[in-house]
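Participant: Using only what follows, build the 3D model:
(2 chains)
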Amino acid sequence: MVGNAAEAEDLTQEAFLQLFRKISTFRGESAFSTWLHRLAVNVVLMKLRKKSGKETSLEQVTEPDEESGTPRRDFGIPDLKLTGSIDRVNLERAVEQLPPGYKSVFVLHDIQGYEHNEIAEIMGCSIGNSKSQLHKARMRLRDLLQETVRARAREERRAAGSVSSSED
Amino acid sequence: MEGERPSAAEAHLRTCANCRALVEDLESIRQAAAELTDVAPPERVWVSLRAQLEQEGLIRDASARKSGAWQWLTRPFTAWPRLAIAGAYLAALIAVAFALSGPIDQQYDDYRWSSAMQDSTAPLSAQLNTAEQAGLTSLATSDPTVTASLHDNLAIVDNYIALCEKSVRDEPENEVARDYLYTAYQQKAELVAQLAEHGDGSR
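Facilitator: The predicted structure is shown next:
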């Protein structure tokens, strides 16, 4: 979530410290894992708020102007199929570039396997909002990964071009 | 995307290549994400966490020694002021490392270990006291955000060192515990070097 191993370690420690300090406040109304996850998400969001210097809600940590979620069309640039070309490193890099709200929901749902009702409880949002954020996250990842594929294709063309010109 | 698609959507996908490609891409992303695994935090996170919890009194170690002899040994280290000049600290660190590597093949009883550790770390303590005063003075006019961050990191490492020293005291023959303690001193030396550099840069 924070894109930095050292910071992630610090926040992991802080989350467990909060757990020990606040364990007596757990009322058993939700699953313990859900309660712990909510606590951890709050620790991360607090950190991100401090970094940005202002209060942020789940909605604000996504890009509010991206309302439609429909496929973006860059005219003249064909969509490249991703099937078979997504590798772990590129996907992780793309996930790191997501806005915090998209990233949170994507990580919780697609990577860690939480259902939308659980995510809604963890993030303090509605189920509908969780589904919307997930869809937008996947759309953004598609754009980022397609750009990676295009960049790789451009590099390969350049490399092929320089080889053939040196052979001339 | 979630659950079964309506029949109208299925019919559309059969005729629209663009939407079919979109759905396939989103499904590929979902499948690739499911194969990503979480990364476990390194051991130092749990060691540092335990030190912090013990310091706050949130947990207690049932096997902790209660005798005054151990308390006088730990008190100076946990009350150590922050810094030493990096070079002098590292020289003292080498002395500590030598002392820590010494008893590997021998059976030290607790008193002999505490004496050996005290002999090698007492000069370090004196140097740290002197260098801390110099470090604090040089930090007075530095960026408060960076200074606070360095202080926080040093507090974490100091707690980690205290916990590692306790582990070595409890199990003098435990090589892993000694390795952890030496690693903790190395981490502090690195922070000391950063702080000295930061203090110098602010002048």
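Participant: contacts and neighbour counts: CA atoms only from here.
Facilitator: Will do.
Participant: Residue B:183 - how many residues pack around it?
Facilitator: 17 (other C-alpha atoms under 10 Å in any protein chain shown).
Participant: Kindly apply the preceding question to residue B:42 instead.
Facilitator: 9.
Participant: try residue A:45
Facilitator: 23.
Participant: What score does it have for pLDDT?
Facilitator: With respect to pLDDT, residue A:45 has a value of 78.
Participant: Let's test this: what are the backbone torsions at it?
Facilitator: Torsion angles at residue A:45 (phi, psi; degrees, to the nearest 10) stand at phi -60, psi -40.
Participant: quick check, the one helix or strand residue A:43 maps to touching chain B?
Facilitator: Using DSSP states H and E, residue A:43 sits in helix A:32-52. No. Helix A:32-52 does not reach chain B (C-alpha under 8 Å from any C-alpha of the partner chain); its nearest approach is 11.8 Å.
Participant: That helix: what's the following helix or strand?
Facilitator: Assigned by DSSP H and E, the successor of helix A:32-52 is helix A:88-96.
Participant: Show me chain A divided up by domain.
Facilitator: A:1-56, A:64-168 (automatic domain parsing).
Participant: Any chance of a markdown table for the ones you listed, columns distance to residue B:185?
Facilitator: Output for the domains of chain A, formatted as a markdown table (distance: least, C-alpha to C-alpha, whole Å):
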| stretch | distance to residue B:185 |
| --- | --- |
| domain A:1-56 | 18 |
| domain A:64-168 | 33 |
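Participant: Could you check the pLDDT of residue B:43?
Facilitator: So residue B:43 comes in at 82 (pLDDT).
Participant: That one: neighbouring residues, count only.
Facilitator: Around residue B:43 there are 10 other residues, counting by other C-alpha under 10 Å.
Participant: Next, give phi and psi for it.
Facilitator: Torsion angles, degrees, to the nearest 10, at residue B:43: phi -60, psi -30.
Participant: what ranges of chain A fall below the confidence cut-off?
Facilitator: A:3, A:52-80, A:83-84, A:163-168 (pLDDT under 70).
Participant: The closest residue to residue B:59 other than its chain neighbours - how many residues pack around it?
Facilitator: Leaving out its chain neighbours, the residue that sits closest to residue B:59 by C-alpha to C-alpha, 6 or more residues apart in numbering or on different chains is residue B:53, at 5.8 Å. Neighbour count for residue B:53, taken as other C-alpha under 10 Å: 18.
Participant: Check which helices and strands the helix or strand in which residue B:53 is found is in contact with.
Facilitator: Element membership for residue B:53 (DSSP H and E) is helix B:43-55. Using 3 or more C-alpha pairs under 8 Å, 6 or more residues apart in numbering or on different chains; DSSP states H and E, the elements in contact with helix B:43-55 are helix A:5-22, helix B:144-170.
Participant: Generate CSV for these, with mean neighbour count as supplementary columns.
Facilitator: Formatted as CSV, the helices and strands packed on helix B:43-55 follow (neighbours: other C-alpha atoms under 10 Å in any protein chain shown):
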stretch, mean neighbour count
helix A:5-22, 16
helix B:144-170, 19
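Participant: Would you mind giving the ones you listed as TSV with distance to residue A:160 added?
Facilitator: TSV is the format used below for these (distance: least, C-alpha to C-alpha, whole Å):
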stretch	distance to residue A:160
helix A:5-22	37
helix B:144-170	48
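Participant: mind giving me the domain ranges of chain B?
Facilitator: If you go by automatic domain parsing, chain B breaks into B:1-37, B:43-201.
Participant: mean pLDDT for those domains: which is lowest?
Facilitator: domain B:43-201 (a mean of 64).
Participant: Show me which residues of chain B are close to chain A?
Facilitator: B:21, B:24-26, B:28-30, B:32-37, B:41, B:45-46, B:48-49, B:53, B:58.
Participant: most centrally placed residue in chain A?
Facilitator: residue A:103 (1.9 Å; C-alpha atoms, centre = their mean).
Participant: How about the helix or strand containing that one and chain B, any contact?
Facilitator: If you go by DSSP H and E, residue A:103 is part of helix A:100-106. No. Counting by C-alpha under 8 Å from any C-alpha, chain B is not contacted by helix A:100-106; separation bottoms out at 8.7 Å.
Participant: Check stretch A:131-140 too.
Facilitator: Yes. Using C-alpha under 8 Å from any C-alpha, stretch A:131-140 comes into contact with chain B via A:138, A:139.
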